[in-house]
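> quick one, structure for this:
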Amino acid sequence: MRIEYHRTLIADRVRNEAFAHALKSVIRKGETTVADIGAGTGILALIAARLGAREVFLYEAAEVAGVAEKVLKANRASNCDLIPCHSTEMEDPPRVDVVVSETLGNYPFEENAIETLNDACRRFLNPSGVIIPGRLEQFVAPVISDRIHGELCAWEDVGFDLDLSPAMTMSFNNIYVRTLAPKELLDDGASAKVWDAIDFTKQNRSARKGEVIWRLPRTTTIFGFATWWVAELVPGITLSTAPDAPRTHWEQLYFPLLTLLKVRGGEAVTISLRSRTSMDAGTHVAWTATRLNAKGQRLERQALNLDKGFLP
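Prediction:
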């Protein structure tokens, strides 16, 4: 991983300030001990140290740990201890008052945050300790703009009387990182719904699933679905990747449909999302959209799976 990725992280002031406010709210000067899990270049650990943490432990398995070591020296952070391994590999880790971990992705769990925080909560955190982030909700909303759908239909427009439909089907079985405007969503995003919620202070399953339904009062064409997340770092301090939230280095995710859904007034549309993440098997996501009539009977169903979007 090149340093450029970490530059985008430290350049994200919305992210940095939210975590800094969260740390400030829980650190008692000269008393609090902190573990920064997935520390990267060490910015959150250094913020914790500057806020008065008694001791800070940094866990980082990637090559950037070498950069973090130099950054700690440059800042004379004598109370920061760098441990160059993945936190789950650490035997008998020192217990701390605060665990902070910014290992969230555009899909929040693609960096195995659930497994990491399950382990941190069980083995690193004092009984009365605080874990940051504490909670997270995933939202989903229908996309009523054809902008991204049109991009994916490029396979149809190549010309030369060629049928590239097998490749196009693979394109639709993918998830796309995109910035969407509220106006591109049903009801400008106001009708977005929570499809998954997680409390990191508890032990959680890495497999997530949820289903939501919208009943539409008027005929609406749906081209796909957008998802985003809102993390509660500590009570009263949140970080959001929603289309109407302050911009961060994260974006929304676009889940395509194989063909557009024309939902008539009085009908309903549902989406079911399922994900499974692990350090060994990576990230697997599937989604199913269904159109229902006013009586709840199924009229149309489309099932897509990220695994079908990869080249064999």
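
> so in the protein, where's the weakest helix or strand by average pLDDT?
Ranked by mean pLDDT, DSSP states H and E, the weakest helix or strand in the chain is helix 3-10, scoring a mean of 92.

> contacts for that helix, please.
Contacting residues not belonging to helix 3-10 are listed as 15-16, 40-41, 43, 64, 67, 102, 249 [CB atoms under 8 Å, 6 or more residues apart in numbering]. For every residue, glycine as well, the C-beta is placed using N, CA and C.

> what is the nearest of those residues to residue 177?
Within the contacts of helix 3-10, proximity to residue 177 (CB to CB) peaks at residue 249, which comes in at 10.7 Å.

> give the contact list for that closest one.
Applying CB under 8 Å, 6+ apart to residue 249 gives the contacts 8-9, 11-12, 15.

> wait, residue 57 sits on residue 85?
No: assessed by CB atoms under 8 Å, residue 57 is found out of contact with residue 85, at 11.2 Å.

> and those two? Which one has more around it.
residue 57 (22 against 12; other CB atoms under 10 Å).

> any idea what the more buried one is bridged to?
Residue 57 has the following beta-bridge partners by DSSP bridges: residue 35, residue 81.

> next, count neighbours for residue 218.
8.

> so what's it up against?
Applying CB under 8 Å, 6+ apart to residue 218 gives the contacts residue 265.

> where does it land in three-state SS?
Following DSSP: H, G, I helix; E, B strand; the rest coil, residue 218 is assigned to coil.

> those helices in the stretch 151-300 of the chain, which residues are they?
Counting by DSSP state H, counting those that start in this stretch, the segments of the stretch 151-300 of the chain that form helices are 165-172.

> shaky segments in it?
Within the stretch 151-300 of the chain, not a single segment meets pLDDT under 70.

> all the strands of it, in order from the start?
Counting by DSSP state E, counting those that start in this stretch, one finds strands in the stretch 151-300 of the chain at the ranges 176-178, 193-199, 207-215, 220-234, 237-240, 252-263, 268-278, 282-292, 298-305.

> show me the one of those that comes nearest residue 81.
strand 220-234 (23.3 Å).

> ok, longest helix in the chain?
helix 13-26 (DSSP state H).

> center of the chain - which residue?
Centroid-nearest residue in the chain: residue 108, 1.7 Å away (criterion: CA atoms, centre = their mean).

> sec struct for it, please.
coil.

> what sits against it?
136, 138, 229, 231.

> report pLDDT for it.
Per-residue confidence (pLDDT) for residue 108: 97.

> next: residue 132.
98.

> please apply the same query to the one 3 residues further on.
Note for residue 135: predicted pLDDT of 98.

> partner residues bridging it?
The residues that residue 135 bridges to, once DSSP bridges is applied, are residue 199, residue 232.

> isn't it right next to residue 204, touching?
No: judged on CB under 8 Å, residue 135 makes no contact with residue 204 at a distance of 10.7 Å.

> what do these two both touch?
Residues touching both residue 135 and residue 204 by CB under 8 Å, 6+ apart: residue 198.

> follow-up on the earlier one: quick check: angle from the longest helix of the chain to helix 3-10?
Counting by axes from the mean of the first three to the mean of the last three CA atoms, to 10 degrees, helix 13-26 lies at 60 degrees to helix 3-10.

> how far is helix 13-26 from where the chain is centred?
18 Å (CA atoms, centre = their mean, to the nearest Å).

> what sits opposite residue 278 in the beta ladder?
Bridge pairing for residue 278 - DSSP bridges - gives residue 282.

> contacts only, for it.
The contact partners of residue 278, taken as CB under 8 Å, 6+ apart, are 112, 115, 206.

> my guess is the last one contacts residue 279, does it?
No: with contacts counted by CB under 8 Å, residue 206 stays clear of residue 279, the gap being 9.5 Å.

> can you select the buried ones among the contacts of helix 3-10 for me in PyMOL?
To isolate the buried ones among these in PyMOL, judged by 16 or more other CB atoms under 10 Å, type:
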select buried, resi 15+16+40+41+43+64+67+102
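
> and the contacts of helix 3-10 as JSON lines, adding distance to residue 181?
Output for the contacts of helix 3-10, formatted as JSON lines (distance: CB to CB, whole Å):
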{"residue": "15", "distance to residue 181": "21"}
{"residue": "16", "distance to residue 181": "25"}
{"residue": "40", "distance to residue 181": "30"}
{"residue": "41", "distance to residue 181": "32"}
{"residue": "43", "distance to residue 181": "30"}
{"residue": "64", "distance to residue 181": "34"}
{"residue": "67", "distance to residue 181": "36"}
{"residue": "102", "distance to residue 181": "26"}
{"residue": "249", "distance to residue 181": "18"}
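
> cheers, nothing more for now.
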